[in-house]
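Enquirer: Just the structure for this:
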Amino acid sequence: MTLLAVVLSLSSITGSYFLGDGLGVNWTLHLDADQRFVFKWRGCLGVYATAVGTWALRDDHVALTVERAEGMAEKLPHEFTVVTWGDRTYLVSETKEFCKAVNEHREPLDKSWGEFFLRDGWRGAPSGQSSLSQQCASEAGR
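Expert: Below is the predicted model:
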């Protein structure tokens, strides 16, 4: 297998991401071009948590620095691996869990809900291999 080389830039990462089940866990994370972020956790009873701060791109990782948080915002991870797959961009806090979902055919999903932050704007099934395909194939062999 060939290791995919993906060059990431700030502009390729900015945007709105969603993670959730459509019920009690509806997380949105917006990464602005000025490297500010806004996080909100909404559920059936309203807003459970908010956080704001700055973000930085380091190689293939996004690191969040929280400046202000309310509610249960401590549940938000502070570091993510950027996973690209076709026109999809994911922010994944646990790559082993992402690979497990891929190997169990729970990912890629054909709906917006899911257990990993997925940037808005994707269309249909992803093409080709993800930037974690080699790692996921190794995980499947264990």
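
Enquirer: if I pick the closest residue to residue 128 other than its chain neighbours, what's in contact with it?
Expert: Sequence neighbours aside, residue 86 is the residue nearest to residue 128 in space, at 6.0 Å (criterion: C-beta to C-beta, 6 or more residues apart in numbering). C-betas here are computed from N, CA, C, even on glycine. Residues near residue 86 by C-beta atoms under 8 Å, 6 or more residues apart in numbering: 122, 125-128.

Enquirer: What's the separation between residue 9 and residue 82?
Expert: 11 Å (C-beta to C-beta, to the nearest Å).

Enquirer: Direction included, what does the lengthiest strand in the chain pair against?
Expert: Across the chain, the longest stretch assigned as strand under DSSP state E is strand 46-58. As defined by DSSP bridges, the strand partners of strand 46-58 come to strand 36-43 (antiparallel), strand 61-71 (antiparallel).

Enquirer: Report the buried residues of the longest one.
Expert: Meaning strand 61-71. By 16 or more other C-beta atoms under 10 Å, the buried positions in strand 61-71 come out as 62, 64.

Enquirer: Now for the residue nearest to residue 42 when sequence neighbours are not counted, how many residues are close by?
Expert: In space, and not counting its chain neighbours, residue 42 is closest to residue 26: 4.5 Å by C-beta to C-beta, 6+ apart. By other C-beta atoms under 10 Å, 18 other residues sit near residue 26.

Enquirer: Thought residue 20 was touching residue 26, still the case?
Expert: Yes: using C-beta atoms under 8 Å, residue 26 makes contact with residue 20 at a distance of 4.1 Å.

Enquirer: which residues sit in contact with residue 26?
Expert: By C-beta under 8 Å, 6+ apart, the residues touching residue 26 are 18, 20, 41-43.

Enquirer: picking up where we left off before, columns distance to residue 139 on top of the strands paired with strand 46-58, output as CSV?
Expert: Below are the strands paired with strand 46-58 laid out as CSV (distance: least, C-beta to C-beta, whole Å):
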stretch, distance to residue 139
strand 36-43, 28
strand 61-71, 19
